[in-house]
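Asks: Give me the fold of what follows.
(chains A, B and C)
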Amino acid sequence: MAVIRDVMPAFDLLQPSSIADAQKLLQQQGSDGWVLAGGMDSFDWLKDRIKKPKVVVDLSGIAELKGIRSTAEGIEIGAMTTLTEVVEHPLIKEKFKLLADGAELVASPQIRNQGTIGGNVSQDARCWYYRAGWPCYRAGGNICYADTPEGRNREHAILHAERCVAVNPSDTAPALIALDAKFVIRTPKGERIIDAEDYFIGPDIDITSLHILQPGDLLTAVRVPSTWAGAHFYFEKVRDRNVWDFPLLNVASAMIVSGNNIERIRIAVNGAAARPLRLRAVEDAVRGRPANAATGEMAGKLAVQGAVPLQFNAYKIPLMRNLVKRAIGGVEEATWTS
Amino acid sequence: MGGTIGFDGILIIKPDGRVSILSGIGNLGTESVIDVHRVAAEVLGVPWEKCDITWGDSSKNLPFTCVSGGSQTTHAMTRAAHATAMDARNKLQELAAKKLGGKPESYDVANERVSRKGGGAGMTLAQAAKYAIQVGGIYDGHEVSPDLNKVTKASVAAIAGQGLIAAAKDKYPRDGATFSYVASFAEVEVDIETGKYHIVDFLASADVGSVIHPRALGGQVLGRSILGIGHAIGQKWVFDPRYGAMLSTRFSQSKPPTILDVPVNMQWAALDIPDPETPVGARGVGEPPVGGGCASILNALSDALGDEIFRRAPVNADTILTSLEAGRPMQHPLMAHI
Amino acid sequence: MDFLKWAISPWGQRVPIHIAWFLIWVAVVAGFLFFIVHATYLRYFAKPREFASSGSPLIAARIPEHVPRHSLTARLFHWIMAASMFTLLFTAFLPKVGMPFDWVTYHWIAGSVLTASILFHIIHASFFMDFWSIWPDRIDLRDAYNRTLRFLGKSAPPPDKFAKYPLENKLYHGAIMAAGLSAIVTGVFMMFRVRTIFFPRNPYLFSDMTWGMMYVLHGLAGVGLIALIMVHVYFGLRPEKRAITKSMIFGWMSRDFYLKEHDLQRWPVESPTSSPASRGEAPEALRDAG
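Replies: Next up is the predicted model:
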């Protein structure tokens, strides 16, 4: 019998106009509730009839969640701010260009006009087995279809894979980690402020979610401190097509250089694991060294230690190595003889 | 392929002197639905602005026409249009001879008139149309040639009496089969650290016989080259080998080319050498650019990276990087849609 | 009440995928209920034990002070198996009740240890120990019948003293054998789903339906083992069983305890000398008389 896959299942749509109302509704609904931001992730699930929430809480009417404002410590970006607004905002372009670069490479202009930064960091894995609704570990089942000897795992993880080998597909996440951003979460127990890198979790913590939000929680804002404003930034995203594609891998780094030496650096990579990886070992190893290709090579090799390739994704090892090298040493013309 | 033969055409010279052409071609946006009929205006000596084209669905009394596919339309339907225009021309000469005396061959059709060669008695096409209705029979569609397809016969029966009706089958000879050819040239630049490549320059040169509509031809050649380029740069159908289920069910997974994947420098050219086996000299062109688009990219990549890196398309960062890293081809010869 | 979790396979078939995890708590509660009921019964309702007499004082006198019960090999097996069993239970169920960690590798390693120890135990117990001692025999069944009659207030002859293991012990062993072997057999197959050092992975060794049922059986065996282990530890800590517990650590039980509970003929004791008397067998003359 043909599976009907193009009509959304019925749900109750709740449209609060304040954060307090949204929180109340989410806490009432618990795990029956689904948070709808820009819809760029949600509608795929709903239109494929794989996730069928009873209640959808639409945040688009909440003005408090939108906007970019200057604060004493830096800037605060409302979670419902669209990616286009993030890309075009003068403050972000001026001081935190790394975030503008990362956000501008997300998907396509149409998606950026509708997609939000809160949604981009909270988006679910794009593993095509998971997205097809197959009962894999991430869906509560007991197998990973990608991590089989013949599974089509070209876009999957090379690091920290534990039963589930899906990757985190966000482009803004590594940029925010490199900028030492903080995420503001309202929970039933009050407000929590956590480091960007702690927002994301791997399958060893919770195999069914890429982030720490529980039912009833709401990500309200992203705060970027001035610590790394104006630093030397590098963002590169490698994907198959030139637009509208998730990253095979991306790298984001913020580096303070004095003379030619690296005073300090924050560097993160996404697409290699189920969460964006802050490369602390690399950060420690390059501190004090010159920002050149030799340091970059050393850093790249260090970054991929422990990587475990699957059948079709071994290319991510040299790719990650080279992206880390470029973040530190820049892009150079290579000598080549065919 | 470049064309088929043996289809029909219908046109009406109306009592107001306008030429109404019935076009049975499917309008895919290729503009063939209109282009192929320009020959009627030329043969009848009527300005193109005085020709009205009717198209759209089978309730509009259209002639038996080829399908819009297989690169055949321009070839097949210019022949049919020419045959129909010649039928109209013959009927004009016969009607002039009938009304004004003499033999049909001594009359010429030009400048919206049928008149004696060298000047002299004649009538306008509008007058000829009125006279055709008077005379009836084969001149206004109440009788038709027996070799027309029954669809055409039914259409003519429905419009009989509206003017001078020409309805003819393409019975022109053709020695051999008809093919069109496209030679495609591409230049690529490969980033050997990330495996990403860009198409720096592209040219597709078409041998499709006479060029009927340059812009439409350019659209076909460039557009269909993109289809082929898309196959080379990323488009794929992926199945899970264990379950046989398709994994690339959405565009973001099957990855058709996007506008940003189109080469920035993309040119087309055509030889414009008339095909001697067909009266208008024009051949069809839909499919030929595809193979060239794909092959030129793959050949450029082979030239850049070495001949043996891959055997199948698409070629992406993964194929390039694993092969470069290993120093030998790493892609399974029969497996590329992963 | 959904005891099983179901899913739709990639071919559209409805298959079970695992047990509902609330069954963990059902097992824990069942264990506690057992403690309460048993302790209450023993404290308030049980009558003092009466056995038919057996053995003569002469033979009894030859029984050594330290009655050997479990050899070093047997004890090592037991504690290695116990350690692997606890590791298995903790790695299996702590993540399910809210303490997530990277558990799978530890789980199959412990499972491999358990499997090896059980294989050892089967061979060792079958060929190097008294194979029959753990299985209920006719006397056990007859005594069970009589004990039930006596519990109900009817008159019946008193039961014999125990062989090496009382009937309840033997039945418990049967239960844990069923649960344990179920968990082990399904567990070994499930090792084909993950990367181990033993054999190449084959996640598709069975159909989705078969795997699902295997995971369900593994889960049922696992929660069953929670309850069974709780009961086992409970008995091990009970005051009247302390001597037996100590024998699993030190290898011997006291002569008094042995004589109080165990039948010399059903569980003969080995001693340093080889005479029948020292083996706990009656001398020829007395045997005819007894």
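Asks: what about chain C, any weak spots by pLDDT?
Replies: C:54-56, C:270-290 (pLDDT under 70).
Asks: Ignoring the adjacent residues along the chain, who's closest to residue A:111?
Replies: The shortest distance from residue A:111 to any non-neighbouring residue, by C-beta to C-beta, 6 or more residues apart in numbering or on different chains, is to residue A:40 (5.6 Å). Just so you know, the C-beta spots here come from the backbone N, C-alpha and C atoms, and that holds for glycine as well.
Asks: Which element, helix or strand, includes the one you found?
Replies: Counting by DSSP states H and E, no helix or strand carries residue A:40.
Asks: Same question for residue A:35.
Replies: strand A:33-36.
Asks: so who does the residue nearest to residue A:111 touch?
Replies: A:107, A:111, A:114, A:115, A:119, A:123 (C-beta atoms under 8 Å, 6 or more residues apart in numbering or on different chains).
Asks: Taking those residues together, which two end up most distant?
Replies: A:114 and A:123 (13.2 Å; C-beta to C-beta).
Asks: C-terminal to the strand or helix carrying residue A:173, what's the next element?
Replies: Residue A:173 belongs to helix A:172-178 when assigned by DSSP H and E. Downstream of helix A:172-178, the first helix or strand assigned by DSSP H and E is strand A:182-187.
Asks: That following strand packs against which elements?
Replies: If you count contacts as 3 or more C-beta pairs under 8 Å, 6 or more residues apart in numbering or on different chains; DSSP states H and E, strand A:182-187 packs onto strand A:190-195, helix A:196-199, strand A:218-225.
Asks: Please state the offset of the longest one from the chain centre?
Replies: What separates the centre of strand A:218-225 from the centre of its chain is 14 Å, taken as C-alpha atoms, centre = their mean, to the nearest Å.
Asks: same check, this time on stretch A:39-47
Replies: 17 Å.
Asks: Can you show me the strands along the chain?
Replies: No chain specified, so I'll use chain A. Along chain A, counting by DSSP state E, strands occupy A:12-14, A:33-36, A:55-58, A:68-70, A:74-78, A:182-187, A:190-195, A:218-225, A:232-238, A:249-258, A:261-270, A:277-278.
Asks: try chain C instead
Replies: Going by DSSP E, chain C shows strands at C:4-8, C:14-19, C:66-68, C:252-254.
Asks: Including distance to chain B and mean neighbour count, could these go into TSV?
Replies: Converted to TSV, the strands of chain C look like this (distance: least, C-beta to the nearest C-beta, whole Å; neighbours: other C-beta atoms under 10 Å in any protein chain shown):
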stretch	distance to chain B	mean neighbour count
strand C:4-8	12	17
strand C:14-19	13	19
strand C:66-68	56	17
strand C:252-254	57	18
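Asks: and of those, who's closest to chain A?
Replies: strand C:4-8 (3.5 Å; C-beta to the nearest C-beta).
Asks: Any part of the helix holding residue A:173 near chain B?
Replies: No - taking C-beta under 8 Å from any C-beta of the partner chain as the criterion, helix A:172-178 and chain B are apart, separated by no less than 16.0 Å.
Asks: Just want the residue of chain B that's nearest chain C.
Replies: Closest point on chain B to chain C, by C-beta to the nearest C-beta, is residue B:243, at 4.4 Å.
Asks: Need the phi and psi values for that residue.
Replies: Backbone torsions of residue B:243, given as degrees, to the nearest 10, read phi -100, psi -10.
Asks: Now do the same contact list for it.
Replies: C:10, C:11.
Asks: Tell me the confidence at it?
Replies: Looking at residue B:243, its pLDDT reads 96.
Asks: And the one 3 residues further on, by the same measure?
Replies: On pLDDT, residue B:246 comes in at 95.
Asks: So it sits against residue B:237, correct?
Replies: Yes - assessed by C-beta atoms under 8 Å, residue B:246 is found in contact with residue B:237 at 6.8 Å.
Asks: Which one's more surrounded, these two?
Replies: residue B:246 (14 against 11; other C-beta atoms under 10 Å in any protein chain shown).
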